[in-house]
Structure formats: C-alpha cells, structure tokens
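Visitor: whatever this is, show me its structure:
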Amino acid sequence: MTESNQLLFFFSALGAFNGLLLSLYFAINAKKNNTNYFLSLLLLVLSIRIVKSVFFYFNPNLSNIFIQIGLSACVLIGPFLFLYLKTNTSTEKTYWIKHVIPSFAIVAVIGILYPYVEYRKIWSTWIVKAIYYQWFIYILLSFKSILPIIQKIRVKESLKKIDVWFLSIYIGVTIIWLAYNFAAYTSYIIGALSFTFLFYLIVLILIFRNNNEPAFFNEREKYKNKEIDKATLSLIDQKLSLMVEKELFLNPNFNLEEAAKELNITKHLLSQYVNEVLGKSFSNLIKEYRIEKAKKLLETEKNLTLESLGYDSGFNSKSTFFTAFKKTTGLTPAEYQKSYSK
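Guide: Have a look, this model is predicted:
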C-alpha cells in the first residue's frame, strides 16, 4: 500500500470509527431521550456499511460474509433516519416495528437463500439496487420531517440549534446515499464524506455543549409522554383565535406568560401547543401576527408614517419592525406599500 493510500485508509477508517463512538455516545444518552436509540442505531449501521467499503477497497480478498453484512446494513439506514426525525418532530405515534422488522427480516431471508458468496452477480445486479431504492424511499419520507426547517430558511427565519442538528443528519445521510449510487471510486468518497460528516457532528456537539445547552438534541424531551388530547387541542385553537381577534399582540410587552393568563391555560401547555402543533416558537408566532397587522395597515392607511405604523402593529422600535418585516416578506415596509398601491 502506497503512502497516499495509507493516509486515505487512515482517514476513511477514522470516519467509520467516529461513527461507532458517536453511536455509543447517543446510546448512553438514550436514557435521557429514548429517540436517541434511533440515532445511535442509524450511526451504527452507517458505520458498518462504511467499514465494509473501506476494508474491501484496500483488501479485495475480504471475507464474503463481511461484505454481505455491510451491504445488508444499508436496509436499516433509511428506517432509522425516518424514525429518528419523525419521533422528534411529530406528535404522531410512530410504530418502529413495522419499519424495522420487515426490512430486516426480508434481507435476512434473502441472505440465507442467496448468500453473497454464491450469488455475487444477483447481489450486485438486483439485491443491492433494491436496498438502495428502499433507502431512497425513506429519504423521501423523512423529508416531511425537515420541511418546516426548509420553510424557515425560505422565509429567512432564525434556525434553532435543534433545527441545524436535524438538517445536518438528513443532509449527511442523503449525501452518503448519493455517493454510493452515483460516484466513481465510491470507497474513496464515502471515506472522506463519512469522516467529514461525523467530524462535523462532533464539532456541533462540542459547540452546543459549550453554549450551556448540553442536551440540545433532547429538546423535545420536556414534552415527553405529555401529548395534548384532541379536545384540549381544539379548545386552545379556539382561544388562540379569540386572542388574535382581540389583537392582544399589539401590546409590545405581550409574552407567553400574558398569553397563558389570557387563555386560562398553563405556560407549559401553551408552549407545547405552539412548538409541536404550529411548529414555531411563541415569539415567532406573535411576530407573524404583528407582520400581518402591519401589512393590513400598509394597505389601508396612507397618512401614517412607517415608524408609527410599526408601533401600531405591536413592535417596540422602528429597527425591530423594519428588520422583522423585511425578513418575513422579503420587502421593506415602503417597498411593500408601493407594490400594493400599483
């Protein structure tokens, strides 16, 4: 093995090793948040697949059973990605058994009936393609979980750390799938990608821990086992509509505590409703109401100054109003008023 190949092998293997360490790390943290079991298992099967690629490239005489295990691990990457994102971003109950057991059982049976050592051509021609196709289907299914994050980016809304985390996981797994399906010299690319991706995750963990948020990826834990029943959801929705009709948000000091008092519910329950059902923070929700109010005033009031209009919409300063309006609509208040009057 040449010196350059030795270096490449080192970094590729290090990427897979990092994955195993992260898998162990999240398995331990699963005691605080059960959904981390899915993340731990996702990193584990990714690492198994990457290890197979790396060692097979540098050792073509690798045992066929090891190759079969590495390829078979791919059938669980998609389900674990989907389960991790779905259980963290949705209040709907997800039954992991129907996603994991059938996939695992099918690939196990195929492995027994058509072992890689005897049916290499069938594996390379049909089985591997079917596995990658199943992986891709789960990537598409998982996209629904990160769609709210994409929408935040489109309207230039600030992302939470947990949003960055989920998006990183999704993009990393998707890039690895693309490399396996379309890139030449796959082992080289996957080794580099895996090392970069997993190193990036480690850096994110360290940064967020240093920001005094050691459990940022456990953010949804505070609502664990406290799903809101349908009757309560309907009641909160009605009360929230009344709050909007009364335009209580026009008070610049209106906050979560004031809203909870007005709606006669707990702060915790209101926060959970806004975060889980509406998919946003309370402050962003109030900001949206104020922007909508400002848009109506811009369309109807011609004698108000833009600064006065901002105060009348509930903003406590001109700069805050201009920044929020531009970020949400893509236009300054003056530009919006001009475009509407045309």
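
Visitor: quick one: residue 165 from residue 84, how far?
Guide: Between residue 165 and residue 84 the distance is 11 Å, computed by Cβ to Cβ, to the nearest Å. C-betas here are computed from N, CA, C, even on glycine.

Visitor: more crowded one of these two?
Guide: residue 84 (27 against 20; other Cβ atoms under 10 Å).

Visitor: so who does the residue lying closest to that one once chain neighbours are set aside touch?
Guide: Nearest residue to residue 84 in three dimensions, chain neighbours excluded: residue 38, at 3.8 Å (Cβ to Cβ, 6 or more residues apart in numbering). With contact set as Cβ atoms under 8 Å, 6 or more residues apart in numbering, residue 38 has these partners: 80, 83-84, 87, 96.

Visitor: what's the answer for residue 236, then?
Guide: 228, 263, 265, 269-270, 273.

Visitor: below-threshold pLDDT in the stretch 101-250 of the chain: ranges please.
Guide: 183-196, 198-200, 202-227 (pLDDT under 70).

Visitor: and the helices in it?
Guide: Remark: helices assigned in the stretch 101-250 of the chain by DSSP state H, counting those that start in this stretch are 120-122, 128-154, 161-182, 186-210, 230-245.

Visitor: and of those, who's closest to residue 323?
Guide: Nearest to residue 323, of all the helices of the stretch 101-250 of the chain, is helix 128-154, at 16.1 Å by Cβ to Cβ.

Visitor: give the buried residues for the closest one.
Guide: Going by neighbour count (16 or more other Cβ atoms under 10 Å), the buried part of helix 128-154 is 128, 131-132, 134-135, 138-139, 141-142, 145-146, 149, 152.

Visitor: need phi/psi at residue 117.
Guide: phi -60, psi -30 (degrees, to the nearest 10).

Visitor: residues contacting it?
Guide: Residue 117 neighbours (Cβ under 8 Å, 6+ apart): 64-65, 68.

Visitor: what's the most distant pair in the contacts of residue 236?
Guide: 228 and 263 (13.4 Å).

Visitor: so residue 314, which of the three states?
Guide: coil (DSSP: H, G, I helix; E, B strand; the rest coil).

Visitor: can you report how many residues lie near it?
Guide: With other Cβ under 10 Å as criterion, residue 314 counts 22.

Visitor: residue 228 too?
Guide: Residues near residue 228, counting by other Cβ under 10 Å, number 17.

Visitor: just put the helices of the stretch 101-250 of the chain in JSON lines and tack on distance to residue 46.
Guide: Shown next, in JSON lines, are those (distance: least, Cβ to Cβ, whole Å):
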{"stretch": "helix 120-122", "distance to residue 46": "23"}
{"stretch": "helix 128-154", "distance to residue 46": "11"}
{"stretch": "helix 161-182", "distance to residue 46": "7"}
{"stretch": "helix 186-210", "distance to residue 46": "7"}
{"stretch": "helix 230-245", "distance to residue 46": "37"}
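
Visitor: residue 102 is nearest to which of these?
Guide: helix 128-154 (10.3 Å).

Visitor: got the angle between that closest one and helix 161-182?
Guide: 150 degrees (axes from the mean of the first three to the mean of the last three Cα atoms, to 10 degrees).

Visitor: report the distance from helix 128-154 to the chain centre.
Guide: Its chain's C-alpha centre and that of helix 128-154 lie 10 Å apart, by Cα atoms, centre = their mean, to the nearest Å.

Visitor: check which helices and strands that helix is in contact with.
Guide: helix 64-89, helix 161-182 (3 or more Cβ pairs under 8 Å, 6 or more residues apart in numbering; DSSP states H and E).
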